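Asker: predicted structure and sequence below. I'll ask about it afterward.
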Amino acid sequence: ITHNGAEADDVIATLCHQFGPERKVIIAGADKDLLQLLTPKVTMYNIMERKYIREHDVEKKYLVPPSKFADMQALAGDRTDGVRGVYGIGPGKAARLLLDFDSVEDLLDNLNRAPDGYVKDR
C-alpha cells in the first residue's frame, strides 16, 4: 500500500485506526514509534527481534500504555528520532508524570500539580 506524499508510519497509523476497532491488525516493523498504535486488537511483529509485541508488553517495558507512549518520548527524549526531551526527565520520571497527567498538554496546563522536584524554574 502506498500513498503519495505520506510517510509509511502515517499510512500504517491510518490503517490501524480504520481497521483496528473491528479487526485484528498486525503491524510488521521495528520502528518503536509504532508502539503507540497498539491496542487489544492491534499488535506488532518486531521484524528485527522476531517477536510479537502486545499492548501489555509496552506497559511492562515503558511503564505507560501505548496511548501515552508518544508523550513519554516527548518528555524523556528519543535519540533515534532526534527528540531532545525535557532536561532532567528520563523515561522513569516521564512515566511517573504520565500516571498523574493525561498528556504533555495536561501536564503543561497543570504544572502547579506536578510533584516536588519535577518542575524547576529555568
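Answerer: Looks like it came in fine. Predicted, not measured: the structure shown is a model, and the values here were computed from it. Numbering: from 1, shown residues only.
Asker: how about the helix ranked longest in the chain: buried residues?
Answerer: As assigned by DSSP state H, the longest helix anywhere in the chain is helix 8-19. Neighbour counts over helix 8-19 (16 or more other CB atoms under 10 Å) mark Ile12, Ala13, Cys16 as buried. Where C-beta positions appear, they are placed from N, C-alpha and C, glycine not excepted.
Asker: list of residues touching that helix?
Answerer: By CB atoms under 8 Å, 6 or more residues apart in numbering, the list of residues contacting helix 8-19 from outside reads Ile1, Thr2, His3, Val25, Ile27, Gly29, Asp31, Asp33, Leu34, Leu37, Thr39, Val42.
Asker: swap in stretch 71-89?
Answerer: 32-33, 62, 64, 90-91, 93-95, 97-98, 103-104, 107, 118, 120, 122.
Asker: wait, isn't Val64 in contact with Leu97?
Answerer: No: between Val64 and Leu97 there is no contact under CB atoms under 8 Å: 9.7 Å.
Asker: picking that back up, any quick ChimeraX command for the buried ones out of the contacts of stretch 71-89?
Answerer: The buried residues among the contacts of stretch 71-89 can be selected in ChimeraX (16+ other CB under 10 Å) with this line:
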select :32,33,62,64,91,93,94,95,97,98,104,107
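Asker: give me the subset of the contacts of stretch 71-89 that lies in strands.
Answerer: In strands, defined here by DSSP state E, there are no members of the contacts of stretch 71-89.
Asker: check the contacts of helix 8-19 and tell me the two furthest apart.
Answerer: Using CB to CB, the contacts of helix 8-19 span at most 24.4 Å, a distance reached by Thr2 and Thr39.
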